[in-house]
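Chemist: Need a 3D model of the following:
(chains A and B)
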2 protein chains.
Amino acid sequence: MATVLIQREKLQSWVEQVFIHHGFSVENALLSADVLMAADLRGIDSHGVARLSGYLRLIERKRINPEPLMKIVHETPSTATLDADEGIGLVSAPAAMDIAIEKAKNVGSGWVAIQNSNHFGIAAYHAMKALPHDMIGFAVTNASPLVTPVLGAERMLGTNPICIAVPALNEPPFVLDMATSAASNGKLEIAERAGNSIPSGWLTTKDGSDSISPSELRNGGMLLTLGSDMDHGSYKGFGLAAAVDILSGVLSGANYGPWVPPFVSFLDPLDNLPGKGIGHFVGAWRIDGFRPAEEFKKHMDQWIQRFKATKPLQSDNPVQIPGDKERNSQTERVHRGIPLVENVWNDLQNISAQTGIVLAS
Amino acid sequence: MATVLIQREKLQSWVEQVFIHHGFSVENALLSADVLMAADLRGIDSHGVARLSGYLRLIERKRINPEPLMKIVHETPSTATLDADEGIGLVSAPAAMDIAIEKAKNVGSGWVAIQNSNHFGIAAYHAMKALPHDMIGFAVTNASPLVTPVLGAERMLGTNPICIAVPALNEPPFVLDMATSAASNGKLEIAERAGNSIPSGWLTTKDGSDSISPSELRNGGMLLTLGSDMDHGSYKGFGLAAAVDILSGVLSGANYGPWVPPFVSFLDPLDNLPGKGIGHFVGAWRIDGFRPAEEFKKHMDQWIQRFKATKPLQSDNPVQIPGDKERNSQTERVHRGIPLVENVWNDLQNISAQTGIVLAS
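Modeler: Numbering: from 1, shown residues only, chains lettered A, B, ... in the order given. Below is the predicted model of the structure:
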């Protein structure tokens, strides 16, 4: 399969122009492009420019408002709910995180639920905004239903990710960013493109039978929750996905469960929605709300160093800290460029043709 | 295997007297017994009176202080760190939760890290304290190392549970209380007592090979993280366990990772500990910090009802909500009594003989 390698600056600037072309303010276009680029740099290819055409179709269908007027609709000193005015999550989640950080500066922690939003890209971008402030960042979101609860055979939950980002002193930060399903949608896409089967325990057919064919997801199949089966704790993955849905959807006043609007523009939202749009939930704990930040960060260095020094199962394969893999990808891709698979490249060329904004490799 | 059935009131009152006998104040004895009884009622048999003799041995070894003077050592309007003065977690965690609830009343959310503590029983007891206040409760703790990180072959983490408790209106609350390992210690104990093998993916031998023999844990074996293997997301279980360790241990100033003091009294803590005792982390979000509580709780009812109505995989086995199983156990055991397996009953009879406080079945 051919891939095109493209320099980050060139791609990012093109994405900015495309968003501006679709009615975004310069500020929101820059921010949105920055979030997408963070995904591509960190190696989360399913959440970077591969999503761009999907966002644009939602803008065209008027399901994403390119010029949102976000406002805080409920507030206490450490909490708030933000109405994203049908804007893109790439803009509303960073804005919410800024509010959370400000509240944490004032009273030790800050938490913002976001209603009436859309897909927010990678959770890590938002949670990591806390790091330079010596805060621990937290970000979760619900998403279009693809995942069945344990004992069920119906799409009821998104892959509902959880991200927590923790600063260290000399070591790089700890950044956990994980789907609460056994495997993310992106992993199925990669297997399908490569013509590979997938492990048992990721996916079922639409009748709920285990499937090793990634294309079953497009035939109405369902993703399984982390744990994969009852014996291995799939009810825990369900519980985590459910908690994310409750914080993101029920607490914010957004939609939840099977009512979360689909990402794909050719499917309409259900009737009689219980809330507004998609929901997110972000927050920050100020470290020196608990102990001096310098002291904490020294101990985080020790924590990281000790875990890296865990006796390895195989001597040439040491324990990795959450975030290591993505940071290594970023280092490499900043240097060498971002590899885009053929169908993503073609997708971007179509956008280029439609908008007249040229993207050369 | 014989079991003894005992009425809850009788058992609880006996546990209270035993704690008083070992130097607890009446108030702390009542609270500690209440936490243990909650575990036995909810069917978490590994965390109820089965643990009592272990706590008493730690008191005798002066590793649990029966008369702690807890104090807040660091504070902001929405955060605090509590020094538990080497007291039992059964007392320090509820005290911390009271502080968190008070802060949430004042500023919308409250978060308390606890250092210098000991084992805190079931996380659900602490998180559920938020429910009557129309708050969402959160409780995590680190614990003695039994779990290996992904790619490792060394005990570095506890089974580090996560609990989140959410109130509803007419429906019972959502209560997720889960170990971040593939299986809890308690499940291995049950399999071992029954002479059963365990599923592949729960446990390794001390060399890191997969094992289906529950007794390997006592031979230096290691529990695996939720996900069980790389293909099924064991790095996610590792990331969650690690995040719990960081919040509970590093943020509080307690010990973390392999330095968390062992629960069993015959093993001494390591030298050069980086912190004080075991750590916990609890908190509460006030619901009307985000939206009116009544409105939220109506939507939680809808959330619960819709998830219960998920199309089931097998028509006679409907989807369960986190907390349902434990609540059903509680209803049954309040009515019929608490079943104690023979070795736990013998353990309690030994305590009875040593203290002179009689426990009749």
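
Chemist: how about residue A:137, what does it touch?
Modeler: A:97, A:126-131, A:163-165, A:282-284 (Cβ atoms under 8 Å, 6 or more residues apart in numbering or on different chains). Quick note: C-beta positions are derived from backbone N, CA and C, even for glycine.

Chemist: partner residues bridging it?
Modeler: residue A:165, residue A:284 (DSSP bridges).

Chemist: got a list of what the closest residue to chain B within the stretch 201-350 of chain A touches?
Modeler: Minimum separation of the stretch 201-350 of chain A from chain B (Cβ to the nearest Cβ) falls at residue A:289, amounting to 3.4 Å. Residues counted as contacts of residue A:289 (Cβ under 8 Å, 6+ apart) are A:104, A:108, A:109, B:74, B:75, B:76, B:78, B:79, B:80, B:111.

Chemist: what about residue A:215, distance to residue A:205?
Modeler: Plainly put, residue A:215 is 11 Å away from residue A:205 if you go by Cβ to Cβ, to the nearest Å.

Chemist: between these two, which one's more packed in?
Modeler: Taking neighbours as other Cβ atoms under 10 Å in any protein chain shown, residue A:215 and residue A:205 compare with residue A:205 leading, 16 against 13.

Chemist: Would you agree that one is in contact with residue A:221?
Modeler: Yes: contact criterion Cβ atoms under 8 Å: residue A:205 and residue A:221 qualify, at 5.3 Å.

Chemist: okay, and the common contacts of the two?
Modeler: residue A:211.

Chemist: any idea how chain A splits into domains?
Modeler: Domain assignment for chain A by automatic domain parsing gives A:1-60+A:323-361, A:68-182+A:224-308.

Chemist: and of these, who's closest to residue B:232?
Modeler: domain A:68-182+A:224-308 (5.2 Å; Cβ to Cβ).

Chemist: So for residue B:332, which of the domains of chain A sits nearest?
Modeler: Using Cβ to Cβ, the nearest of those to residue B:332 is domain A:68-182+A:224-308, at 19.8 Å.

Chemist: one step back: how far away is the residue of the stretch 201-350 of chain A closest to chain B from residue B:136?
Modeler: Distance from residue A:289 to residue B:136, by Cβ to Cβ: 19 Å.

Chemist: How about residue A:197?
Modeler: Applying Cβ to Cβ to residue A:197 and residue B:136 gives a distance of 41 Å.

Chemist: Those two: who's more crowded?
Modeler: With neighbours defined as other Cβ under 10 Å, residue A:197 and residue B:136 compare such that residue B:136 has more, 28 against 12.

Chemist: Next, the contact list for that one, please.
Modeler: By Cβ under 8 Å, 6+ apart, the neighbours of residue B:136 are A:247, A:251, B:130, B:164, B:165, B:166, B:167, B:284, B:285, B:287.

Chemist: try 10 Å this time
Modeler: A:243, A:246-247, A:251, B:104, B:109, B:127, B:130, B:164-167, B:173-174, B:283-287, B:289-290, B:296 (Cβ atoms under 10 Å, 6 or more residues apart in numbering or on different chains).

Chemist: In a markdown table: the contacts of residue A:289, plus secondary structure, pLDDT and neighbour count.
Modeler: Formatted as a markdown table, the contacts of residue A:289 follow (DSSP: H, G, I helix; E, B strand; the rest coil; pLDDT from 0 to 100; neighbours: other Cβ atoms under 10 Å in any protein chain shown):
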| residue | secondary structure | pLDDT | neighbour count |
| --- | --- | --- | --- |
| A:104 | helix | 98 | 28 |
| A:108 | coil | 98 | 29 |
| A:109 | strand | 98 | 32 |
| B:74 | strand | 98 | 19 |
| B:75 | strand | 98 | 16 |
| B:76 | coil | 98 | 20 |
| B:78 | coil | 98 | 31 |
| B:79 | strand | 99 | 29 |
| B:80 | strand | 98 | 23 |
| B:111 | strand | 99 | 31 |
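
Chemist: quick check, nearest of the residues you listed to residue A:340?
Modeler: residue A:104 (37.2 Å).

Chemist: Could you measure from the closest one over to residue A:112?
Modeler: 11 Å.

Chemist: tell me, what's touching these two both at once?
Modeler: A:78, A:283, A:284.

Chemist: show me where the stretch 251-361 of chain A has helices.
Modeler: A:293-308, A:324-336, A:342-355 (DSSP state H, counting those that start in this stretch).

Chemist: OK, contacts around the closest residue to residue A:169 other than its chain neighbours?
Modeler: With sequence-adjacent residues excluded and distances taken as Cβ to Cβ, 6 or more residues apart in numbering or on different chains, residue A:169 is closest to residue A:297, at 3.8 Å. By Cβ under 10 Å, 6+ apart, the contact list for residue A:297 reads A:134, A:166, A:167, A:168, A:169, A:170, A:171, A:173, A:287, B:250.
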